[in-house]
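K.L.:
Any chance you could fold what I've pasted below:
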Amino acid sequence: MDERLKPYEEKMNKTLDNLKEEFTAIRAGRANPRLLDKIRVDYYGQPSPLQAVANVSVPEARIIQIQPWESRMIKEIEKAILASDLGITPSNDGKVIRLVFPELTEERRKELVKDVKKRAENAKVAIRNIRRDANDAFKKMSKSSEISEDEWKYLEEECQKLTDSYIEEIDEITEAKSKEILTV
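P.N.:
Reported below is the predicted structural model:
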């Protein structure tokens, strides 16, 4: 690949990584410990990741079990979960906290798929904007005679191929996530 395309490919890659990260936060009726990645717990006055203060496991398909390293952390962890946008009320027995994920309704599944597709479309728009920025930069280089017109056309074509491959990958992960959500 041409070195002049590298910065644009990196931006496209970041966009794709961001979309994948967003998709992991969308729950599909199954318990996924990644849903807790953004939750911070007050640990001796320091906001810490939940995984740093407790053991997180999935004993059953729809249950996440959180076992704090210190029993006094149960209240702090519960507070952090309730303050998050998970929408699940934790229950505890004094030693462990359980998050029970309700079965998703058909209507809720369809809403989630719409959300997935909307996020994917936003990522595609971002990729296309990066392509536009790259093409503008190449056009400027051509006008200022830094590169020849043939080089400019070549770079535009390569940039389009790169864009197409990222759009295709977004379509693939969107399809996979939609299927996962709709699977009962």
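K.L.:
what's the domain layout of the protein?
P.N.:
3-24+105-182, 33-100 (automatic domain parsing).
K.L.:
wait, is R98 part of a strand?
P.N.:
Yes - counting by DSSP: H, G, I helix; E, B strand; the rest coil, R98 is located in a strand.
K.L.:
OK, contacts around it?
P.N.:
By Cβ atoms under 8 Å, 6 or more residues apart in numbering, the contact set of R98 is 63-66, 90-92. Any C-beta I mention is one placed from the backbone N, CA and C, and that applies to glycine too.
K.L.:
out of those, who has the most neighbours?
P.N.:
Counting neighbours by other Cβ atoms under 10 Å, I66 leads the contacts of R98 with 26 neighbours.
K.L.:
helix or strand for that residue, which one?
P.N.:
Remark: I66 resides in strand 63-68, with elements defined by DSSP states H and E.
K.L.:
Now the helix or strand following that strand: average pLDDT?
P.N.:
Going down the chain from strand 63-68, the next helix or strand is helix 73-83, by DSSP H and E. For helix 73-83, the mean per-residue pLDDT is 88.
K.L.:
Show me the contact partners of helix 73-83.
P.N.:
36, 39-43, 50, 53-54, 66, 68, 88-90, 92, 94-95, 97, 99.
K.L.:
where do the helices sit along this protein?
P.N.:
Listed in chain order, the helices of the chain (DSSP state H) span 6-24, 50-53, 73-83, 106-143, 149-182.
K.L.:
Select, out of the ones you listed, the one closest to R30.
P.N.:
R30 lies closest to helix 149-182 among the helices of the chain, at 8.2 Å (Cβ to Cβ).
K.L.:
Which other helices and strands does that closest one contact?
P.N.:
helix 6-24, helix 106-143 (3 or more Cβ pairs under 8 Å, 6 or more residues apart in numbering; DSSP states H and E).
K.L.:
Distance check, R40 against E21.
P.N.:
16 Å (Cβ to Cβ, to the nearest Å).
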